[in-house]
Each structure stands twice: as structure tokens, then as C-alpha cells.
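J.: structural data only, the sequence is not supplied:
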């Protein structure tokens, strides 16, 4: 089937399976990586339900509402756009369930457009999950440029459409999400108890510095944005105001867990830089959640040491091309107990996303 016919078939269903590089064709020009054989999420001789908290889709009609026309020839759309192909790769990678999210590229939309886009997306996501309840759950979309509206959209998404939380970006038009104007959203998210999945949107201020070879806008820019996002929530007091938030960050929390000692030293180095009575930044890591996209055994070991295995969940970034070994990385990780492996592979996500056994 040609790319165009594949696109049209997928678009007719109302959903296109995209990667987090949807607007960067240089990084998404190849189909998903393929494994040599089917991976089995078996720990201690027991089959474990594996749940991927970091998997992308896109709703073509919603993109058109935002003035972002999707070209049928876009390789990023053609890759993995058919459900049959997606299920086949999920099986090869050992993924039982994907938690679907849509990257928030509507934060600059006016209210009337944002309302229509979010309603359409959440309805389409709900329909897809209802059709394939054993393979998909999804995060609701929200228009965070209007915090009260976003709170309402998350509530409707969870209560009306059966979605399991919300997907959010790392900033809103340059405003940090620690700004008190976003408190109505954080309050509602805490009240609902849904999982929030944060995925970076890109940092316009550093675009010039990350231009050129290496795909640095993604390789460096994405984890940097996550680091800034989490650091503001810690140092500006958002996580103290809303201590029961369930928040998962993409890409293993960016650079924050690997350099948390420097954050810990901030208050000792300059007490005026921190709020009175503020806890050590390291303490907050024990309450946050992270996907497992760290790639190296030593990286995963350190992430577990700083955050705890109970705070880490599988994340493949499907259908991006560096995803295929994520499950095996956990299964073969030295030093992890069976209980820790089970938690990362699926038990924590199963509880947070209310997925049946």
C-alpha cells in the first residue's frame, strides 16, 4: 500500500499514529525500529502485563482546525499509521497496553478553537480505547492556556470519556506551569487523582543554539525542557501546594535525576534562592513518576537509586525509532529484584491508570 493510501485509511478512522517528532521530519524519516523476535514480559517465571505510558497519536481533523495541514507524503505519518502494524510492533516489543497521548500544539489557539479541538480529540481517543480496551488507554487533551477550562476538560475527559488523566506540555507560551494562574488546573488534577503525563514542547529561546547536526532540539532540548519544568514545580512551591499530584515526566525526567545533587546544593549555596522550609529537591523525586527512556544500564540504575523503582514506568515514545529495546532494558537490568522489574514493567502504571489485570 502506498504512503498516500495508508494515510487515507488511517485518517478515515480519525486517528493517525505519530511520534513526538511530528514536526521534525529530519528525526522521524524512518519507520519504527524492528526487533528480531517477540519480547516476552516474563519476570520470575510469571507473565507481567506491560504498559507503555509514552505513546503518541494524532487526530488529523483537529490538526486541520489548528491550521496544520498533514501531508499524505509525510513519512512520519506513514510509519506505523495502520492499527495492524501498530499491534504487530507492540507484540514484538512485548507491549500489552499503550497509554496514548497527543502532544499539545494548541496552546496558542483562541478559546473557541481550543474548545472544539479538545472535545474532538478526547472523543476520538475515547472511541479508540472503547474499540480496543485491551490494547489502549489514553490521556485527555487540555487547553492549558485557559487553566479553568483545562480543569473542566480534564474532568469531562475522565468522567464522560473514560480517559485516565491528562497530557500536558512543559510550558504554555513561555509561562512556567508553576505560575499561580495554573493552580486551578493543578487543584482539579489533584482532586480527580488522574495521572498527568508531561511531554516537552520545545524551547523557542534555545532554538538557535540547538540548530544544526545531531537533532539537538530533540536530543538536548526535550530533556532540558523537562528539567526546567520540574525544577520550577519544586522551587516555586507547586508540589508543596498540591502534594498529591500524580505526575509522570517523559524521557526519564530529563537531566534532573542525574544531577539532583546540584539542585540540593542550591539552598545551601544561597539560602535566599529557596523558600523558607523548602524540602530538599531530592525528596520530591520520590513522589514524582518518570518513564524509563534512559537507554543505558547505568542510567537506569541511577534513576532507580534516586527515584525508586516504584516511580518508574515503561515508556517507548512509539512510533519513534529508538524505542524497541525499552522492555528488554528493564528485564536485563543488573541489580533489579523481580518486584522492582514488575513495578516498572506494568504494576505501577496499572494502578495509576486503573487498568484491569
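T.: Structure's in. What do you need? Predicted model, so just to flag it, every value in this text is computed and none were measured.
J.: tell me the gap between stretch 303-310 and the middle of its chain.
T.: The chain centroid and the centroid of stretch 303-310 are separated by 18 Å under Cα atoms, centre = their mean, to the nearest Å.
J.: in this structure, which helix has the most residues?
T.: Secondary structure of the chain per DSSP state H: the longest helix is helix 111-131.
J.: quick one: mean pLDDT for that one?
T.: For helix 111-131, mean pLDDT rounds to 96.
J.: likewise stretch 148-162?
T.: Across stretch 148-162, pLDDT averages out at 98.
J.: check stretch 42-51 too.
T.: For stretch 42-51, the per-residue pLDDT averages 94.
J.: next, the buried residues of that stretch.
T.: Buried positions in stretch 42-51, judged by neighbour count with 16 or more other Cβ atoms under 10 Å: 43, 48, 49, 50, 51. Yep, even glycine has a C-beta here, placed from its N, CA and C like the rest.
J.: tell me which of those is nearest to residue 181?
T.: residue 51 (33.2 Å; Cβ to Cβ).
J.: give me the phi and psi for that closest one.
T.: Phi and psi for residue 51, reported as degrees, to the nearest 10, are phi -130, psi 120.
J.: got the contact list for it?
T.: 95-99, 313-314, 345-346, 349-350, 353, 355 (Cβ atoms under 8 Å, 6 or more residues apart in numbering).
J.: if we can go back for a sec, in strands only, show me the buried residues of stretch 42-51.
T.: Residues of those located in strands (DSSP state E): 43, 51.
J.: turn the buried residues of stretch 42-51 into a markdown table, including distance to residue 158.
T.: Listed next are the buried residues of stretch 42-51 as a markdown table, based on distance: Cβ to Cβ, whole Å:
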| residue | distance to residue 158 |
| --- | --- |
| 43 | 31 |
| 48 | 26 |
| 49 | 22 |
| 50 | 24 |
| 51 | 18 |
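J.: from the buried residues of stretch 42-51, which single one is nearest residue 334?
T.: residue 43 (14.6 Å).
J.: and the closest one, how far is that from residue 278?
T.: Distance, residue 43 to residue 278, by Cβ to Cβ, to the nearest Å: 38 Å.
J.: residue 197 now?
T.: Residue 197 is 26 Å from residue 278, by Cβ to Cβ.
J.: more neighbours: which of the two?
T.: Set residue 197 next to residue 278 and count neighbours by other Cβ atoms under 10 Å: residue 197 wins out with 26 against 18.
J.: doesn't residue 100 make contact with that one?
T.: No: in this structure residue 197 lies outside contact range of residue 100 using Cβ atoms under 8 Å: 9.9 Å.
J.: between these two, what contacts are shared?
T.: Common contacts of residue 197 and residue 100 (Cβ under 8 Å, 6+ apart): residue 139.
J.: who are the contact partners of the closest residue to residue 116 other than its chain neighbours?
T.: In space, residue 116 comes closest to residue 65 once its chain neighbours are excluded; the distance is 6.1 Å by Cβ to Cβ, 6 or more residues apart in numbering. Listed by Cβ under 8 Å, 6+ apart, the contact set of residue 65 reads 113, 116, 117, 120.
J.: try 7 Å this time
T.: 113, 116, 117 (Cβ atoms under 7 Å, 6 or more residues apart in numbering).
J.: next, count neighbours for the first one.
T.: What it means is residue 113. Residues lying near residue 113 (other Cβ under 10 Å) number 16.
J.: can you name the residues bridging to residue 249?
T.: As for beta bridges, residue 249 partners with residue 198, residue 290 under DSSP bridges.
J.: using a markdown table, please lay out the contacts of residue 51 together with secondary structure and neighbour count.
T.: Listed next are the contacts of residue 51 as a markdown table, based on DSSP: H, G, I helix; E, B strand; the rest coil; neighbours: other Cβ atoms under 10 Å:
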| residue | secondary structure | neighbour count |
| --- | --- | --- |
| 95 | coil | 27 |
| 96 | coil | 19 |
| 97 | strand | 24 |
| 98 | strand | 27 |
| 99 | strand | 28 |
| 313 | strand | 28 |
| 314 | coil | 29 |
| 345 | helix | 29 |
| 346 | helix | 27 |
| 349 | helix | 28 |
| 350 | helix | 21 |
| 353 | coil | 23 |
| 355 | coil | 18 |
